[in-house]
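J.: pasting the structure only:
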């Protein structure tokens, strides 16, 4: 039997490369490479979608364009809701704007991006950021307590939301904030809110002189600059306030003022530029820098609430000081206020906020406007 098997094997033709067809050779080579049949071979993995397409929540989508270089330093230009452009590790600096600023076209500008935070100040024209928005309030409070231990109890009693991580992720529309501040001058909070809603209503597709809904879009500087004074007055504005707001709009429309300038300019530059606008005095600009831009080293010595709080914190009888009069500086002199607050730099905005709280001053109206 063994002889028969040998004989049959010898009589069968031997397969060589010469006797195999091209298809047979390919199949033979494939069988040698793998023993997996064709129908069971694993298909190659599908091409992975770009990361941007894998985002599931539209509120957290972030689309960042290349960094834009201006004479005020590099800016991170983003589109979308402010919360998507601001994470807790976004760089922060007390002497610069710490919230995203909204442009008329809907982009958001921030002073520092993660890519530019470590750049040399000679390249960015900015001080190197010393912390992040997630830690700046904590560091500010620690500095205040180190300089003045008596502040510890006040800080524990009152949470400063405006400089908290939550507060620093809120966006600011500079034109809207400044125009709203002008509307609120010398009127009650309720009256200011009513005027603002009527003002917004004038610029809707079907203009109305009645109060508009709170969620309607505020007009752009270009829209307001083209309006006549009588038209603006239909919102309940005085003629002078209508002129102030129209003039403010014109400066934003022609580029003399811009979000790009306000996000990175120094405190002194902002004061100089904005006080040159009719209707914006020093106090108005200080409140905008503090509540709007969230700058950390602002001290409004002309604010009576701050004066009263500082005087009370020093142990003075505020009621007696008020009775004596004294005009603008009835509670403390400007010189004394500056000397007292000097040690709290670069966090004098936070110190000022707590001085308001010492006397129970309601700052919500200013913050909301």
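T.: Perfect, I can see it now. Just so it is clear, the model here is predicted, and its values are computed rather than measured.

J.: make it CA atoms for all contacts and neighbour counts henceforth
T.: OK.

J.: In the chain, what helix or strand scores lowest on average pLDDT?
T.: Lowest on mean pLDDT, DSSP states H and E among the helices and strands of the chain sits strand 63-64, with a mean of 32.

J.: Show me the strands in the stretch 151-300 of the chain, by range?
T.: Counting by DSSP state E, counting those that start in this stretch, the stretch 151-300 of the chain has no strands to list.

J.: For it, give me the ranges with low pLDDT.
T.: Low-confidence segments of the stretch 151-300 of the chain (pLDDT under 70): 212-215.

J.: Stretch 308-320: how far from the chain's middle?
T.: Centre-to-centre, stretch 308-320 and its host chain are 35 Å apart (Cα atoms, centre = their mean, to the nearest Å).

J.: Can you give me the end-to-end span of that stretch?
T.: Start and end residues of stretch 308-320 are separated by 11 Å (Cα to Cα, to the nearest Å).

J.: cool, and stretch 192-211?
T.: End-to-end span of stretch 192-211 (Cα to Cα): 12 Å.

J.: now swap in stretch 95-108 and tell me
T.: Stretch 95-108 has an end-to-end distance of 19 Å (criterion: Cα to Cα).

J.: pLDDT averaged over it - what is it?
T.: Mean pLDDT, computed over stretch 95-108, is 92.

J.: buried set for it?
T.: For stretch 95-108, the neighbour count (16 or more other Cα atoms under 10 Å) marks 95-104, 107-108 as buried.

J.: Can you pull the phi/psi pair for the residue nearest the centre of the chain?
T.: Nearest residue to the geometric centre of the chain (Cα atoms, centre = their mean): residue 100, 2.0 Å. With angles defined as degrees, to the nearest 10, residue 100 sits at phi -70, psi 130.

J.: what does the one 10 residues further on give?
T.: According to degrees, to the nearest 10, the main-chain angles of residue 110 amount to phi -130, psi 150.

J.: Kindly provide the distance from it to residue 98.
T.: Distance, residue 110 to residue 98, by Cα to Cα: 7 Å.

J.: How about residue 236?
T.: Separation of residue 236 from residue 98 (Cα to Cα): 33 Å.

J.: Also residue 359?
T.: Distance, residue 359 to residue 98, by Cα to Cα: 27 Å.

J.: right, and residue 293 touches residue 99 too?
T.: Yes: proximity of residue 293 to residue 99 meets the contact threshold set by Cα atoms under 8 Å, at 6.1 Å.

J.: list residues touching both of those two?
T.: Residues touching both residue 293 and residue 99 comprise residue 172, with contact defined as Cα atoms under 8 Å, 6 or more residues apart in numbering.

J.: Now stretch 141-161: buried residues?
T.: 141-145, 151, 155, 160.

J.: So which of the residues you listed are in helices?
T.: Counting by DSSP state H, those place 141-145, 151, 155 in helices.

J.: Residue 174: which of those is nearest?
T.: Closest approach to residue 174 among these (Cα to Cα): residue 141, at 27.2 Å.

J.: From residue 354, how far out is the residue lying closest to the closest one once chain neighbours are set aside?
T.: Spatially, and ignoring its direct neighbours in sequence, residue 141 is nearest to residue 155 (7.3 Å; Cα to Cα, 6 or more residues apart in numbering). Residue 155 sits 7 Å away from residue 354, going by Cα to Cα.

J.: what's the distance between residue 167 and residue 206?
T.: 34 Å.

J.: neighbour count winner among these two?
T.: More crowded of residue 167 and residue 206, by other Cα atoms under 10 Å: residue 167, with 16 against 7.

J.: ok, now which ones touch the more buried one?
T.: Contact analysis of residue 167 by Cα under 8 Å, 6+ apart lists residue 161.

J.: Look up how far residue 198 lies from residue 218.
T.: 11 Å.

J.: Between those two, tell me which one has more neighbours.
T.: Neighbours per residue (other Cα under 10 Å) separate residue 218 from residue 198, with residue 198 holding more: 23 against 18.

J.: which residue sits closest to that one, ignoring its sequence neighbours?
T.: Ranked by Cα to Cα, 6+ apart and with sequence neighbours excluded, the top spatial neighbour of residue 198 is residue 211, at 4.3 Å.

J.: wouldn't the one you found be in contact with residue 194 here?
T.: Yes: at 6.5 Å, residue 211 counts as touching residue 194 under the criterion of Cα under 8 Å.

J.: where's residue 300 relative to residue 353, distance?
T.: With the distance defined as Cα to Cα, residue 300 ends up 10 Å from residue 353.

J.: again, but for residue 175
T.: Distance of residue 175 to residue 353, given as Cα to Cα: 24 Å.

J.: Residue 222 now?
T.: Remark: distance between residue 222 and residue 353 (Cα to Cα) = 35 Å.

J.: neighbour-wise, which of those two wins?
T.: Higher neighbour count among residue 222 and residue 353: residue 353, with 21 against 16, using other Cα under 10 Å.

J.: any idea whether that one is helix, strand or coil?
T.: Following DSSP: H, G, I helix; E, B strand; the rest coil, residue 353 is assigned to helix.

J.: How about residue 344, nearest residue that isn't a chain neighbour?
T.: Distances taken as Cα to Cα, 6+ apart place residue 144 nearest to residue 344, at 5.9 Å, with adjacent residues excluded.
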